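J.: turn this into a structure:
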Amino acid sequence: MAASNKLRRAGFWCACLLMLRMIPAHAAETRPPAWPEFVEGFIAGYFEQQPTFAAEAGRHEFDGRLPDWSPQGLRDTERWLEAQRMLALAYPDQALTPAQRFERDYLLATVAKELFWRQVARRPFKSPQFYAGALDPNLYISRPYAPLAERMRAFIAYAGNVPRAAAQIRANLELPLPRTYLDIGKTVFGGLAKFYEAEAKVAFADVADPELQRAFVEKVGPAAQALRELVDWLEQQRPTATDAFALGAETFSRMLADTETVELPLPKLEQMGRADLHRNLKALAQACRRFAPAATTADCVARAEAHKPAAGPVPAAGEQLKHLKAFVAERQLLTIPSDEEASVAPSPPYARWNLAYIDIPGPYEHGLPSVYYVAPPDPAWSAAEQAAYLPGQANLLFVSAHEVWPGHFLQFLHAHRAGSKFGQLFGSYAFSEGWAHYAEELMWEAGLNDGDPETHIGQLVNALLRDVRFLAAIGLHTQGWSVEQAEQMFREQAFRDPGNARQQAARGTFDPAYLNYTLGKLLIRQLRDDWSARRGGRAAWRQFHDTFLSYGSPPIPLVAKAMLADEGR
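T.: Down below sits the predicted model:
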């Protein structure tokens, strides 16, 4: 390959890579443990700091516990992370194998991400969403890792810790809060309270132990009440609520550097997003000329979206998964490393702030099902808005591709087989969501449904959604956009219905990193092109995919650095 191309690729990835912190050349005064022992100790310490993360990973000795969100607990976690960073920096390159050097950089990037959200963005004090993941009890309800009575006992312990957690959350949140933060807090905490008294009660109704049933009532009632009181307190703050959610340009850029090891100037970043938006709008116009030649693009999309799954989205998604898996295997897009499957279910109430997600058992679990959740529309919406919210058949097909085949589910089948336990546990937002979004376009490129224009429209409306997220994140946090401006863009350029557009615009205020769907996809496509160019181009895609996924889920520039290491030789 020409030297100019080598320089172009090197320049691109050097621009993306965060300058890894300088590693001291001198040895530490006390001999550190061997690197594998250090990593093992880091994981053990992280589990102590974040017991819900540990339980989700399959370490059920941590069941029922919640993190300490008191001011002292938050400070202790930050100090522990800072100490771990310093200890990791004490391992110079020459003391580590190439795989260990990669793992060290992966660990340092993970610590930098955690410290950014805690210290720079100050999410424990600014966003109710900081607490949502740890409070999710679906593990105990839906994941059959133990007999039902044992999981009920763990849920009761969890519920017993909720009132203290609710008090800590209320004490931590600094007023005034943005309006959208109040709304997401009410959705999460109010949904959890309902979940305790409805789904959880039903889920454990068959446990015949009267003592457990009495303990359930004793603990779940106060837990639900504590969260309802937290919701009431949030609502009381509405008269003083603000629109002050923006990170600002400097902090937004630092977010990308600290959480994804990506350093790109904001103008370059915006240019990338707009180019992808225009590429997909052009492709949509071409697909619509085949699907509905006399219609406007908006009417064409509306016609495709009106083709709803006859049996509803959950049964339809189940059938789509069979079709998608067979296609991945037939076209040999990448290796399917096991015969595991994912089931489909409606989302629990507290998780209905986005259309779909997948719950995948952690790397310490064995033989447990993954569940792909699809959210019903908000019952508070009008009948017309509820009907519009449900995705069309083709749209849902690519949601299913994103979540399962060959998206998140297949990625985690590979990640759970990574040689590094650290790589099995810790992940990058841009890697995970970027892969899943990349997977949607990959399926179309590989010929899914033989070039059918309605299918292409389904792929493109998903791509446009992520493109607008990308631009909305930049606009909301660095250019003074209002939520209404973002909502308008979701309606006009992503062709979202009003309810979905409101959800997506609001999400951008408390999830500024949701640009990572498109950012990750673009970085993966660039890396695929660079890596495959000397290996037969498209013929090397399967090898590229398997190699890329073998690293776990680290920041993509770290993977690019490793995969392109021999390009300049």
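J.: sec struct for S343, please.
T.: Of the three states, S343 takes strand under DSSP: H, G, I helix; E, B strand; the rest coil.
J.: pretty sure it contacts L368?
T.: No. If you go by C-beta atoms under 8 Å, S343 and L368 don't touch, sitting 10.9 Å apart. (C-beta placed from N, C-alpha, C; glycine too.)
J.: the helix or strand G41 falls within packs against which elements?
T.: G41 belongs to helix 35-49 when elements are defined using DSSP states H and E. Judged by 3 or more C-beta pairs under 8 Å, 6 or more residues apart in numbering; DSSP states H and E, helix 35-49 is in contact with helix 51-57, helix 71-89, helix 98-115, helix 421-425.
J.: want to throw the ones you listed into TSV with distance to H278 and mean neighbour count?
T.: What follows is the helices and strands packed on helix 35-49, written out as TSV (distance: least, C-beta to C-beta, whole Å; neighbours: other C-beta atoms under 10 Å):
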stretch	distance to H278	mean neighbour count
helix 51-57	39	22
helix 71-89	41	15
helix 98-115	31	21
helix 421-425	36	20
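J.: roughly how far is stretch 459-476 from the heart of the chain?
T.: Between the centre of stretch 459-476 and the centre of its chain there are 15 Å (C-alpha atoms, centre = their mean, to the nearest Å).
J.: find me the pLDDT at the nearest residue to A342 once chain neighbours are set aside, would you?
T.: If the residues on either side of it in the chain are set aside, A342 comes closest to S370, at 4.2 Å by C-beta to C-beta, 6 or more residues apart in numbering. According to the model's per-residue confidence, S370 sits at a pLDDT of 94.
J.: ok, W435 next?
T.: pLDDT, W435: 98.
J.: can you give me the first-to-last residue distance of stretch 231-242?
T.: Taking C-alpha to C-alpha, to the nearest Å, the span from the opening residue of stretch 231-242 to its closing residue is 17 Å.
J.: just stretch 202-210 next, same as before
T.: Between the start and the finish of stretch 202-210 there is a gap of 15 Å, counting by C-alpha to C-alpha.
J.: and T242, what are its phi and psi?
T.: For T242, the backbone dihedrals are phi -130, psi -180 (criterion: degrees, to the nearest 10).
J.: that one reaches T180, doesn't it?
T.: No. If you go by C-beta under 8 Å, T242 and T180 don't touch, sitting 10.1 Å apart.
J.: these two: who's more crowded?
T.: When neighbours are counted by other C-beta atoms under 10 Å, T242 and T180 differ, and T180 comes out ahead with 22 against 12.
J.: so how far is A345 from the more buried one?
T.: With distances taken as C-beta to C-beta, to the nearest Å, T180 is found 27 Å from A345.
J.: poorly predicted segments of the chain, please.
T.: Flagging of the chain using pLDDT under 70 yields the residue ranges 1-30, 349-354, 566-569.
J.: quick one, helices of the stretch 301-450 of the chain?
T.: For the stretch 301-450 of the chain, the helices identified by DSSP state H, counting those that start in this stretch occupy 313-331, 383-389, 393-403, 408-415, 421-425, 429-445, in order along the chain.
J.: any idea which of those is most buried?
T.: Each of these was assessed for mean neighbour count using mean count of other C-beta atoms under 10 Å. The highest is helix 393-403, with a mean of 26.
J.: the inter-axis angle of that one versus helix 429-445?
T.: With axes from the mean of the first three to the mean of the last three C-alpha atoms, to 10 degrees as the basis, helix 393-403 and helix 429-445 are set at 130 degrees to each other.
J.: now helix 393-403 against helix 408-415, angle please.
T.: In this structure, helix 393-403 runs at an angle of 20 degrees to helix 408-415, with the same axes, to 10 degrees as the basis.
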